[in-house]
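Colleague: this one's sequence-less:
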């Protein structure tokens, strides 16, 4: 994505995004914003999403992988899906591709390495950059928000703590590409009820798009991979490559998740 | 609304608002924000609403008509309720009243002409202002967001494409004003469960406000048009002219929609 | 919380937060933002929360008390939970601690005085600072938003109206501290389903934290006050002092509210 020069950009602090499982209406989000603005009154804070299901690290990892890459280079993404808060789990700062992240090291940043290798990982350990009083249950507000605010003011990440090794990875079931067949599964359901799978456009390179390709999800089946929802009539089950580069199953003008009763984890097989 | 001179306003980019049917927690909203900020890091992006029911162009048109007029002149409103994405439907840039809009031409901008005539309509056709890669399923991110970002940086709308003719209009059932009687319907339900009708304050010019006026909605009836909810005791069905200039039916301190089981489309008759 | 000097802070307008019972997706929020931006295009507007249950002044008061203190000194908090809109209830401007508030005087600001005494209270009465046309049903948009916008531009609060007396207080049942026992209740439920009580850390000064302390909520019981959720295994009922300084009851990795069927008002007793 091109970023043309813009006169006011010099001196403008980087964007900070927030990804949490707090729920969209939660005042906890506001507490994090307040802390960031108390340290950097010029911070530009954007919600990535607050609708990650409680403690669902995988859905958080998926949202970060699909969405953080659309932000300007240097954006600081703070992600708080943190069931282990108060335990010995690490908090890390990571540079991956052109983006920066502050998050618990519990797998939340694990999907990002699919697209780009981490350039730098730092263990967040120096309390001088945190709030003076750190609670045992809300490190998003007390550690991650102030760290992001100080980074947005130019703090050198090396001052956050020592260099750290690899990010923790959750085991992910990956789609299996076979001759004439791909076996995958539903990764996520979007707000329209579209079923987004772990089968990527690259995996589909050898597959035809016409009606000779069969897509089976649970006991439901459709034929052909289309270009747009509007290529098929309303209420039809349609397969297409969605805007994130993954195969998705949709019911035109309706919710596939609700109508078919399908959610994350359901098997999806393509054969031709 | 008066906008007193403000020292920093010069050089400040116009506000960009987002109206979608993505749902408030959707990461798709963040992807649009990321694209806009990648092109204009100084963009001031405000959510108009993301709670339009999926593909409900009429509710989107209503939200735009009721809400966009409260923004500063020159605000750029991006609206994405777009069931026809990927088909031949046009995307348009429109100047209506003092506001600017970027949206699919599917009726979404249709209600705005009730208040003011379009000053300029342009077909959005020049790909040089879009993202380099345009998906078939998310033109909000790939076309409308970058177009809005470039407009906010001062791009001349004429460069977006050729001048276009009239906006597409969905058929709307309009309230019928008769001697001593108005026949209308419920247009929308707000988050309090108040029933907002298509009967405007202007239509009510000849109607009394006292108990000689009867308002009937479905099988429910009330008398008098009041000034405020608090003019009647709790749990009373009350009619008043709401803050958007439309007759509305409310149950004091409760939800009329839930208690009466009424939604958009229900008939409303006023007689005196 | 420390607020280090920041080069761009001079001339930067104070943050304006919004707290309402409109629901997160409501276009009424956008109307308030539009009005503020029409008066101060440089306003930095942040959502505190829009998920206060309709007309629930107590939950609004609680959210303000818990969250507004995390914002920079001088922040202007606009709170609209206003069942009495259009009646004779006052609108007030208040300075409490280092924060500023604009709200109906109906108890919404009442909990803030627990932490700090009001420094100044002004009755908002001078229409010259409001929108030219004031509706009877939406003073958040027509009075409070423009007043906040003008305050953010430097308007002297004395010009809003005459000095006013005490804020209206709703009766609040307070926790009772006895020898070896505290009798309190659930104040609020957060988005994780954690039950937040009116028993504060200060009240717990004399209580042990080990298993000799028993916490009873409704018919449910647990022993010990822990430091973090992760100190106990999944699905365990755990008591701890939450990030807001209040005793809370949680079920590890699950929703206590849903699993126990408990909400605001339930009794909570601690004994040792």
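Modeller: On my side now, so go ahead. This structure is a prediction, so every number in the text was calculated from the model and none was measured. Numbers count the residues shown, from 1 in each chain, chains lettered A, B, ... in the order given.

Colleague: The longest strand along chain A and chain B, any residue contact?
Modeller: Longest strand in chain A by number of residues, with DSSP state E as the criterion: strand A:181-189. No. Strand A:181-189 lies out of reach of chain B by CB under 8 Å from any CB of the partner chain, never closer than 9.5 Å. Every residue, glycine included, has its C-beta placed from N, CA and C.

Colleague: Adjacent strands (with direction) for that strand?
Modeller: strand A:176-178 (antiparallel), strand A:195-200 (antiparallel), strand A:267-271 (antiparallel) (DSSP bridges).

Colleague: Using TSV, lay out those strands together with distance to residue B:209.
Modeller: TSV is the format used below for those (distance: least, CB to CB, whole Å):
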stretch	distance to residue B:209
strand A:176-178	71
strand A:195-200	53
strand A:267-271	61
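
Colleague: still on that earlier bit, for the longest strand of chain A, what does the pLDDT average out to?
Modeller: Throughout strand A:181-189, pLDDT has a mean value of 96.

Colleague: List the buried residues for it?
Modeller: Within strand A:181-189, the residues that count as buried by 16 or more other CB atoms under 10 Å in any protein chain shown are A:182-189.

Colleague: How far does it sit from its chain's centre?
Modeller: Centre-to-centre, strand A:181-189 and its host chain are 17 Å apart (CA atoms, centre = their mean, to the nearest Å).

Colleague: Please apply the same query to stretch A:213-232.
Modeller: The mean C-alpha position of stretch A:213-232 is separated from the chain mean by 25 Å, CA atoms, centre = their mean.

Colleague: what's in contact with it?
Modeller: A:186, A:195, A:204, A:207, A:209-212, A:236-241, A:247, A:249-250, A:252-253, A:260, A:262, A:266-272, B:83-87, B:136-137 (CB atoms under 8 Å, 6 or more residues apart in numbering or on different chains).

Colleague: buried residues in that stretch?
Modeller: So for stretch A:213-232, counting by 16+ other CB under 10 Å, buried means A:213, A:215, A:217, A:220, A:222, A:224-226, A:228-230, A:232.

Colleague: Let me know the closest of those residues to residue B:25.
Modeller: For the buried residues of stretch A:213-232, the minimum distance to residue B:25 (CB to CB) is 21.2 Å, reached by residue A:229.

Colleague: for stretch A:190-208, which positions count as buried?
Modeller: Those would be A:190-200, A:203-204, A:207, for stretch A:190-208 by 16+ other CB under 10 Å.

Colleague: filter the contacts of stretch A:213-232 to the buried ones?
Modeller: With burial judged by 16+ other CB under 10 Å, the buried subset of the contacts of stretch A:213-232 is A:186, A:195, A:204, A:207, A:237-241, A:247, A:249-250, A:252-253, A:260, A:262, A:266, A:268-270, A:272, B:83-86, B:136-137.

Colleague: Which secondary structure state does the residue nearest in space to the middle of chain A sit in?
Modeller: The centroid of chain A falls nearest to residue A:64 when counting by CA atoms, centre = their mean (1.7 Å). At residue A:64 the chain is in helix, as set by DSSP: H, G, I helix; E, B strand; the rest coil.

Colleague: ok, it to residue B:169 distance?
Modeller: 41 Å (CB to CB, to the nearest Å).

Colleague: Residue A:253 too?
Modeller: From residue A:253 to residue B:169 the distance is 20 Å (CB to CB).

Colleague: cool, residue A:269 as well?
Modeller: In terms of CB to CB, residue A:269 sits 45 Å off from residue B:169.

Colleague: Would you mind listing what in chain A touches chain C?
Modeller: So chain A meets chain C at A:11, A:21-31, A:33-35, A:37-42, A:45, A:54-55, A:83-87, A:131-132, A:135-138, A:141-142, A:153 (CB under 8 Å from any CB).

Colleague: ok, and of those residues, which contact chain B?
Modeller: With CB under 8 Å from any CB as the criterion, the residues of chain A next to chain C include residue A:24 near chain B.

Colleague: ok, of the residues of chain A next to chain C, which come out buried?
Modeller: A:21-31, A:33-35, A:37-42, A:45, A:55, A:83-86, A:131, A:135-138, A:141-142, A:153.

Colleague: now, which of those residues lie within helices?
Modeller: With DSSP state H as the criterion, helices contain A:27-31, A:33-35, A:37-39 from among those.

Colleague: Same list (the residues you listed) but as a markdown table, adding distance to residue C:117.
Modeller: A markdown table is the format used below for those (distance: CB to CB, whole Å):
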| residue | distance to residue C:117 |
| --- | --- |
| A:27 | 23 |
| A:28 | 27 |
| A:29 | 29 |
| A:30 | 24 |
| A:31 | 23 |
| A:33 | 26 |
| A:34 | 21 |
| A:35 | 24 |
| A:37 | 25 |
| A:38 | 22 |
| A:39 | 27 |
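
Colleague: Looking at these, which is nearest chain B?
Modeller: residue A:29 (11.3 Å; CB to the nearest CB).

Colleague: quick one: contacts for the closest one?
Modeller: A:18, A:20, A:22, A:47, A:50, C:47 are the contacts of residue A:29 under CB under 8 Å, 6+ apart.

Colleague: Show me which pair in those residues is furthest apart.
Modeller: Pairwise over those, using CB to CB, the maximum falls at A:20 and C:47, 13.7 Å.

Colleague: And those two? Which one has more around it.
Modeller: Neighbour count, other CB atoms under 10 Å in any protein chain shown: between residue A:20 and residue C:47, residue A:20 has more, with 24 against 21.
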